[in-house]
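1. Sequence and predicted structure below; questions after.
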Amino acid sequence: MSGILEGRRALVTGAASGIGRAIAAAYVDAGAQVVLADRDRRVTDVADEIGAARGVPVDATSEPAVDGLVADVVADLGGIDILVCSHGILTQSPTVDMAADQWRETIDVDLTSVFLLNRAALRPMLAQGAGRIINVASQLGIKGGVSLAHYAAAKAGVIAMTKSISLETAAQGVLVNAIAPGPIDTPMVAGIDDEWKRAKRAELPLGRFGTAEEIAPTAVLLASDPGGNLFVGQVLGPNSGDVMP
């Protein structure tokens, strides 16, 4: 993948660990200038470790913080060509026991913040007549999940939003797509109970969870030219066979 994103300017959120970090590292390897963002302040160290332009601690649920982040990226790099929204939270609760605050927090972090980032990045991308936005959703946004109604609802919203935005912007040169991974061995999934993980592995045709490094090439493809040129409002599913649309 060396050089395939040479000269591209990218912002990757959720980049302190997991899928976000793997995508950011793959972008750096592919020649892009990459700014990392995460609410975890370790993101600054990760940026140094992978050779990114810089790492920025940010609360993606804050509208002023998101608008300021994108404005700083544009100012520092001279523009923005790629946005990857890979941040999120994952908690469990049967719907009957779920507190409204738990629902709201998940929707805020996993959906509303993605809208804020997409909207902020669209402004400079549309002005320059080109850009790629890649929103990391989940296969659970397609099929649902036990004790994960809040998470599945947020990710289904990300998928529907991605399709809607793509219809608005493709003719203007901005291509918006989603990746809906299956269960991936990341720090976020590590917090889910072992019984759920055992049952999920047993359901998968591949018989195992994926790794973050197995997701990153899909994000490189969607950001690349010509590889990603015909993807418009698509949901790519590296999911171990959990969903077969």
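-> That came through fine. Numbers count the residues shown, from 1 in each chain.

2. okay, CA-based contacts and neighbour counts for the rest of this
-> Noted.

3. And the residue minimising distance to the centre of the chain, how far from residue 13?
-> Centroid check for the chain by CA atoms, centre = their mean gives residue 86 as the closest residue, at 2.4 Å. Distance, residue 86 to residue 13, using CA to CA, to the nearest Å: 5 Å.

4. Touching both of these two, which residues are there?
-> The overlap between the contact sets of residue 86 and residue 13 (CA atoms under 8 Å, 6 or more residues apart in numbering) consists of residue 20.

5. just to revisit the earlier point, what's the residue nearest to the centre of the chain in contact with, if anything?
-> Neighbour list for residue 86: 12-15, 19-20, 135-136 [criterion: CA under 8 Å, 6+ apart].

6. Quickly check the residues you listed for the two that are furthest apart.
-> 15 and 135 (13.3 Å; CA to CA).

7. Of these two, which one has the most company?
-> Legend: neighbour count by other CA atoms under 10 Å for residue 15 and residue 135, higher for residue 15 (31 against 27).

8. was I right about that one contacting residue 34?
-> No: counting by CA atoms under 8 Å, residue 15 stays clear of residue 34, with 10.4 Å between them.

9. Which stretches in this structure count as strands?
-> 9-13, 33-38, 54-57, 82-85, 131-136, 174-179, 235-236 (DSSP state E).

10. want to throw those into TSV with distance to residue 218 and mean pLDDT?
-> Shown next, in TSV, are the strands of the chain (distance: least, CA to CA, whole Å; pLDDT from 0 to 100):
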stretch	distance to residue 218	mean pLDDT
strand 9-13	14	98
strand 33-38	17	98
strand 54-57	22	98
strand 82-85	12	99
strand 131-136	10	98
strand 174-179	8	98
strand 235-236	8	98
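
11. can you list the ones you listed in TSV and add distance to residue 47?
-> TSV is the format used below for the strands of the chain (distance: least, CA to CA, whole Å):
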stretch	distance to residue 47
strand 9-13	11
strand 33-38	6
strand 54-57	5
strand 82-85	15
strand 131-136	20
strand 174-179	23
strand 235-236	27
